[in-house]
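Peer 1: Structure for the following, please:
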Amino acid sequence: MEEIMQSNTFFIVPLTIAYATICGLWFLINSRKNLWALDPIKPSDRPWLDFALALITTVGIFAIGQLYSAGFLLPNANSVIANRLIWVANNFIIFSPIALTLFFRKQKITTLFLSKNQLLLKLAFGTIASLTGVTLFLILRGELERFPEILKEAITLKSLSYFPAVFFENVTLAFLFVRLKWAVGIKWAILIPSVLFALAHVPGSVAEGDPWSHIITFFFLTGSLTTFILYTAYRSRDIIWLGIVHYMMDIVIKAF
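Peer 2: Numbering: from 1, shown residues only. Alright, predicted model coming up:
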């Protein structure tokens, strides 16, 4: 049990510090010189309808995901490259309900924290921020020798084929976040998901027999980190750079 706790701490603490540093880097630089212009997002004329549609859309995404798992979307081919492309295409299908909702509600992609404005700058900052986070994570774990391996892994066909899935996860979260903000305001739009995400880890910790001091510490870390990330996403109003960060951090923690 003690070994499991040490292992969890050895993972969550460096990850928390790495993500907090990444977000702090954005605020530090942006406070001196605005990194990019923030695209205006008009408030919804029917906020609760949009939030309800967002929940229905999310259910639709999960439902299509289940169809994919059952083998009902585009089938695999006999080629490794073809299979990777098919996987990417299936991801577009899985997350397509978001595009349909935007179309029927006549809403812009800026309501997903997406914009092509200053795209190169966002890509560059996302790359720098992600490398900073990866480096810090590896240093804190005493694994800096893995850095070249991480860079090589990031540009392999296998890893790149997972990028759309990672990016669409961010799109979905931004989609839900903006519509929750329309309905309940920015404070609750940040607080509610953060508390729910932190609470989601409690049952597993209780089942493993972790002491309450450990559970409360992890609850505080995960909740605080989620709050900071959501606030950063809201302030930067962009998930392109955060998508790169998410991708690179997923690689360093071997998420796929």
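Peer 1: now the helices for the stretch 101-250 of the chain?
Peer 2: Shown for the stretch 101-250 of the chain, the helices assigned by DSSP state H, counting those that start in this stretch span residues 119-140, 147-154, 157-184, 186-200, 202-207, 212-236, 240-252.
Peer 1: can you count the residues close to Pro43?
Peer 2: Counted by other Cβ atoms under 10 Å, the residues lying close to Pro43 total 8. No exception for glycine: its C-beta is placed from N, CA and C like everyone else's.
Peer 1: separation between the residue nearest the centre of the chain and Ile139?
Peer 2: Note on the chain: the residue nearest the mean C-alpha position is Asn170, at 4.3 Å, using Cα atoms, centre = their mean. Relative to Ile139, Asn170 is positioned 26 Å away (Cβ to Cβ, to the nearest Å).
Peer 1: just Val178 next, same as before
Peer 2: Relative to Ile139, Val178 is positioned 35 Å away (Cβ to Cβ).
Peer 1: Pick out whichever of these two has more residues nearby.
Peer 2: Higher neighbour count among Val178 and Ile139: Val178, with 24 against 14, using other Cβ under 10 Å.
Peer 1: Isn't the more buried one up against Phe113?
Peer 2: Yes: counting by Cβ atoms under 8 Å, Phe113 is a contact partner of Val178 at 7.2 Å.
Peer 1: Where in the protein is the helix or strand with the lowest mean pLDDT?
Peer 2: Within the chain, confidence by mean pLDDT, DSSP states H and E is lowest for helix 202-207 among all helices and strands, at a mean of 80.
Peer 1: Which strands or helices does that one pack on?
Peer 2: Contacts defined by 3 or more Cβ pairs under 8 Å, 6 or more residues apart in numbering; DSSP states H and E place helix 202-207 against helix 212-236.
Peer 1: Between helix 119-140 and the helix it packs on, find me the angle.
Peer 2: Relative orientation of helix 212-236 versus helix 119-140 (axes from the mean of the first three to the mean of the last three Cα atoms, to 10 degrees): 160 degrees.
Peer 1: Name the residues that touch helix 212-236?
Peer 2: Contacting residues not belonging to helix 212-236 are listed as 5, 8, 12-13, 16, 19-20, 23, 26-27, 30, 35, 38, 113, 173-174, 177, 181, 186, 189-191, 193-195, 197-199, 201-202, 205-206, 210, 239, 242 [Cβ atoms under 8 Å, 6 or more residues apart in numbering].
Peer 1: Any buried residues in that helix, and which?
Peer 2: By 16 or more other Cβ atoms under 10 Å, the buried positions in helix 212-236 come out as 215, 218-219, 221-223, 225-230, 232-234, 236.
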